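Colleague: Okay, predicted coordinates and the sequence, questions at the end:
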Amino acid sequence: MAGEQSFKAVVNDTKPSSEGKSYSMEISGANYNHFLGKKIGDSVDGMFVGEGDSALTGYKLEITGGSDITGRPMRPDLDGSGVKSVLITAGIGYKGKKYVNKNSKEYRYKYDGLRRRRNLRGNVISQDTRQINLKVVESGKRSLAAVIDGEEAAVEQTSGEEE
């Protein structure tokens, strides 16, 4: 493959004060190898997410999901890292709706027991994974916005505390 492998990490701040804000970061180099083989639900140290000053040192993150090159979601109840064809009801990877045209209008129905066969990715991170969803379990000393957006956000936060 030409070029360096990387993941896109979407880090979700779970503090009530942040209102569920999420941040996008890149994971590449030696940190890329650290995530290979991890499963959904595993905890990861934040120093492996980001580069240099933007690394989330002191943070503890939990893997909550992800998707592969084509956008297939990872499902926590499927073992392995491969693509599997699964018959599922509404949930991760299938919304469980059926669209019906009546009188030149389109209606959406949610039937009980509606199932479809979908191709989904397993719960293990592999080289085919392109996006990893992470949530903050333990916070570090600096706020997540200050670490990712830079020092100007940290200055705004400290000045807000003095008032």
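Modeller: Received it, and whenever you're ready, just let me know what you need.
Colleague: which residues does Arg116 bridge with?
Modeller: Counting by DSSP bridges, Arg116 is bridged to Ile88.
Colleague: Report how many residues lie close to it.
Modeller: By other C-beta atoms under 10 Å, 14 other residues sit near Arg116. The way it works is simple: take the backbone N, C-alpha and C, and place the C-beta from them, glycine included.
Colleague: Could you list the buried residues of whichever strand or helix holds Val136?
Modeller: Element membership of Val136 [criterion: DSSP states H and E] is strand 129-138. Under the neighbour-count criterion of 16 or more other C-beta atoms under 10 Å, strand 129-138 has 129, 131-136 buried.
Colleague: Strands of the protein, start to end?
Modeller: 6-12, 22-28, 43-45, 60-68, 83-88, 98-102, 105-109, 116-121, 129-138 (DSSP state E).
Colleague: what's the longest one packed up against?
Modeller: By that I understand strand 129-138. strand 6-12, strand 60-68 (3 or more C-beta pairs under 8 Å, 6 or more residues apart in numbering; DSSP states H and E).
Colleague: quick one: the nearest residue to Phe7 once chain neighbours are set aside and Leu61, what's the gap?
Modeller: Among residues not flanking Phe7 along the chain, Ile27 sits closest, at 4.3 Å (C-beta to C-beta, 6 or more residues apart in numbering). Distance of Ile27 to Leu61, computed by C-beta to C-beta, to the nearest Å: 11 Å.
Colleague: who touches both of those two?
Modeller: Val49 (C-beta atoms under 8 Å, 6 or more residues apart in numbering).
Colleague: Point out where the chain drops to low pLDDT.
Modeller: 1-3, 53, 150-163 (pLDDT under 70).
Colleague: List the contacts of the residue most central in space within it.
Modeller: Nearest residue to the geometric centre of the chain (C-alpha atoms, centre = their mean): Asn133, 1.2 Å. When contacts are counted by C-beta under 8 Å, 6+ apart, Asn133 touches 10, 12, 63-66.
Colleague: before we move on, back to that, with Glu51 as the reference, name the closest of the helices and strands packed on strand 129-138.
Modeller: strand 6-12 (10.6 Å; C-beta to C-beta).
Colleague: Could you verify my assumption that Phe35 touches Phe48?
Modeller: Yes - between Phe35 and Phe48 there is a contact at 7.1 Å, judged by C-beta atoms under 8 Å.
Colleague: which residues are in contact with both of the two?
Modeller: Joint contacts of Phe35 and Phe48 (C-beta under 8 Å, 6+ apart) are Ile27.
Colleague: coming back round to it: just put the strands of the chain in CSV and tack on distance to Ser54.
Modeller: What follows is the strands of the chain, written out as CSV (distance: least, C-beta to C-beta, whole Å):
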stretch, distance to Ser54
strand 6-12, 11
strand 22-28, 7
strand 43-45, 15
strand 60-68, 14
strand 83-88, 33
strand 98-102, 43
strand 105-109, 42
strand 116-121, 28
strand 129-138, 14
